[in-house]
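*Asks:* Next input, structure requested:
(one chain, ligands or ions: 2)
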Amino acid sequence: MTDTRLLPATPEGIAEAARLLAEGGLVALPTETVYGLAGDARNDRAVARIFEAKGRPQFNPLIVHLPDLAAARRHARFDAEAERLADAFWPGPLTLVLPLGDTPVSPLVSAGLSSVAIRVPAHPLARQLLRAFGGPLAAPSANPSGRVSPTRPEHVMEGLAGRIDAILDGGASEVGVESTIVAPGDPPLLLRPGGLPVEAIEDCLGRRLATGGNAERPSSPGQLASHYAPGVPLRLEVLRPEPDETWIGFGATGGPLNLSPSGDLVEAAASLFHLLREADRLGQPIAVAPVPERGLGRAINDRLRRAAAPRP
Ligand code: TXA
Ligand code: MG
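*Replies:* Ligands and ions are numbered 1, 2, ... in the order given. As a prediction, this is how the structure comes out:
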């Protein structure tokens, strides 16, 4: 249990929030849509702790928050339509799903996908904290999994007290629903309706957004049809690997490649996508030791089962 502090909307409060985030801590961040549960998007452990604090049974990709378009351009690749939408609606309640850029974030943030969701929030405190922190913040809504999104610091305290380091007190969120999520492309896709009306986006682009989707272009968030999957076969719950298999261990079970030699599920989540990629590069089939089905173990097993499933 952590003592969750309520930080005031003062320069000192913002500086303290930035310091906690730089240390890998979790801070609830006021935005104009809803409160976000923010952690350093470059820090695997911090991102793993976000999933743990929310009790999320799955590693859905998270939105990366940045202070401005210049920072966003370093983290994602913008085509002409993406530039036009950013120019028209940022800062504001619009999230763009774009190809990953040159500046890396933890693969846990994008759930191993090659795209990343980027948002530049309008809330003055969010912007000040992003500038003070000086890096990308991963932030899903600051509620326990399965509960409604919080629009006041009291809501965050109710749901997450003891699980996060601090809440930056920004009062009530104005918009009250999450950001609208769009994946520019041909056609541009609406991935989630939200605080920015679809009509405004369609007027800006001069064409309609599509809501259908397929495996490469997921149609609705949380139901991503495409997941990171290694190029080699993968078996789960393996206590004795075959000689030609790369074994990914957990705890006392396993060889040199180990999700967490001490059996810590936060550490295991933080290293999951790195180890899968490393094992994939070796080119041999992958065998993964059993991971307990509790806490973050449920999300780890969910991802492993998807990675092990036969591909279409
Ligand atoms: O208003 C908001 O957007 C709030 C505030 C805190 O900014 N944030 C928020 O984040 O709602 P979250 O994590 O609850 O929602 C992120 C949604 C997920 O449903 C996820 O599936 C989708 O964005 N998403 C993220 N990255 C994606 C990607 N690479 N491809 C497709 N969908 C993605
Ligand atoms: Mg949410």
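
*Asks:* Now do the phi/psi pair for Ala307.
*Replies:* phi -70, psi -30 (degrees, to the nearest 10).

*Asks:* So what's the residue count around the nearest residue to it once chain neighbours are set aside?
*Replies:* Once flanking residues are discounted, Ala307 sits nearest to Ala229: 4.9 Å by C-beta to C-beta, 6 or more residues apart in numbering. Just so you know, the C-beta spots here come from the backbone N, C-alpha and C atoms, and that holds for glycine as well. By other C-beta atoms under 10 Å, the residues close to Ala229 number 17.

*Asks:* for Val109, same thing?
*Replies:* 27.

*Asks:* host element of it?
*Replies:* Using DSSP states H and E, Val109 sits within no helix or strand.

*Asks:* Give me the distance between it and Ala172.
*Replies:* From Val109 over to Ala172 the distance is 28 Å, taken as C-beta to C-beta, to the nearest Å.

*Asks:* related to what we said a few turns ago, close enough to count as contact, the residue nearest to Ala307 and Arg303?
*Replies:* No. Taking contacts as C-beta atoms under 8 Å, Ala229 lies outside contact range of Arg303: 9.7 Å.

*Asks:* Can you pull the residues of this structure lying near ligand 1?
*Replies:* The chain has residues 31, 33-34, 36, 60-63, 95, 97, 110, 113, 115-117, 119, 139-141, 178-179, 181, 191, 218, 221-222, 224 near ligand 1, with proximity defined as C-beta under 6 Å from any ligand atom.

*Asks:* Next step: those residues restricted to strands.
*Replies:* Of the positions in the residues of the chain next to ligand 1, Gly36, Ile63, Thr95, Val97, Ser115, Val116, Ala117, Arg119, Ile181, Leu191 sit in strands, assigned by DSSP state E.

*Asks:* Okay, the spatially closest residue to the first one that is not a sequence neighbour and Ala289: tell me how far apart.
*Replies:* Here the nearest residue to Gly36 in space, its sequence neighbours aside, is Ala139; by C-beta to C-beta, 6+ apart that works out to 3.1 Å. The spacing between Ala139 and Ala289, counted by C-beta to C-beta, is 32 Å.

*Asks:* and those two? which has more neighbours close in?
*Replies:* Each of Ala139 and Ala289 has its neighbours counted (other C-beta under 10 Å); Ala139 has more, 26 against 22.

*Asks:* Please name the residues that touch that one.
*Replies:* Contact analysis of Ala139 by C-beta atoms under 8 Å, 6 or more residues apart in numbering lists Leu29, Thr31, Gly36, Leu37, Ala38, Gly39, Ile50, Leu62, Ile63, His65.

*Asks:* What about the last one, how many residues nearby?
*Replies:* In terms of burial, His65 registers 27 neighbours under the definition other C-beta under 10 Å.

*Asks:* what's it sitting at in phi/psi?
*Replies:* Torsion angles, degrees, to the nearest 10, at His65: phi -100, psi 130.

*Asks:* Correct me if wrong, but Arg305 is in a strand.
*Replies:* No. Read with DSSP: H, G, I helix; E, B strand; the rest coil, Arg305 is helix and lies in no strand.

*Asks:* re the thing from before, would you tell me which one of the contacts of Ala139 comes nearest to ligand 1?
*Replies:* Gly36 (2.8 Å; C-beta to the nearest ligand atom).

*Asks:* hang on, the earlier thing: just the buried ones from the residues of the chain next to ligand 1?
*Replies:* 31, 33-34, 36, 60-63, 95, 97, 110, 113, 115-117, 119, 139-141, 178-179, 181, 191, 218, 221, 224 (16 or more other C-beta atoms under 10 Å).

*Asks:* could you pull out the helices for the chain?
*Replies:* 11-22, 44-54, 69-75, 80-89, 124-133, 153-160, 198-205, 265-282, 296-308 (DSSP state H).

*Asks:* most tightly surrounded among these?
*Replies:* helix 44-54 (a mean of 23; mean count of other C-beta atoms under 10 Å).

*Asks:* low-confidence ranges in this protein?
*Replies:* 212-228, 311-312 (pLDDT under 70).
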